[in-house]
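Student: Here is my input; please provide its structure:
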Amino acid sequence: MQFTKAEEYGMLGVIYLSEKEPGVVTPLSEISEAKEIPEKFLAKIFQSLSRSGIVRSHRGVRGGFTLAKLPSEITVKEVLESIHGPYHLVKCINDTGVCDKSEFCALRELLVIAEDKLVQIFEDHTLETLVKWQKEKQLAVSK
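Tutor: Residues are numbered from 1 along each chain as shown. Below is the predicted model:
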């Protein structure tokens, strides 16, 4: 399993916003430059995040984005699913019709267990958790 670039960039973008004081409007260009993400691609990702209520778009000269909720209220799962849709390791987990063996497949059973655990981890961790981990890593490196 590998994150898509959209998922990676979306996560980096919302983590960046999570580090800001609540309500601070941050231009997309600033996020793009700070995280080295192509701005047009980030704009498309942030449209999805805005539609799903993860970020709020602010228009005008001082426009940009803020988080729509506190970082402690936004799970990793919410962010990823707003970019990519429901998370599945393989197609047959969600749609048994794609494979004629899925009904009796031991591999499918293992992947269902793995997916459940992965999704649970994404649900259990918020943007606040990721920001905390990032700050801890930065402190450790700076010592």
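Student: what secondary structure does Thr66 sit in?
Tutor: strand (DSSP: H, G, I helix; E, B strand; the rest coil).
Student: Tally up the residues packed near it, please.
Tutor: 17 (other Cβ atoms under 10 Å). The C-beta positions use only the backbone N, C-alpha and C, and glycine is treated the same way.
Student: Tell me the gap between the worst-scoring helix or strand of the chain on mean pLDDT and the middle of its chain.
Tutor: The weakest-scoring helix or strand in the chain, judged by mean pLDDT, DSSP states H and E, is helix 91-94 (a mean of 74). Centre-to-centre, helix 91-94 and its host chain are 21 Å apart (Cα atoms, centre = their mean, to the nearest Å).
Student: So for the helix or strand that it is followed by, what gets flagged as buried?
Tutor: Proceeding N to C from helix 91-94, the next assigned helix or strand is helix 106-124, under DSSP states H and E. Of the residues in helix 106-124, Arg108, Leu111, Val112, Glu115, Val119, Phe122 count as buried by neighbour count, 16 or more other Cβ atoms under 10 Å.
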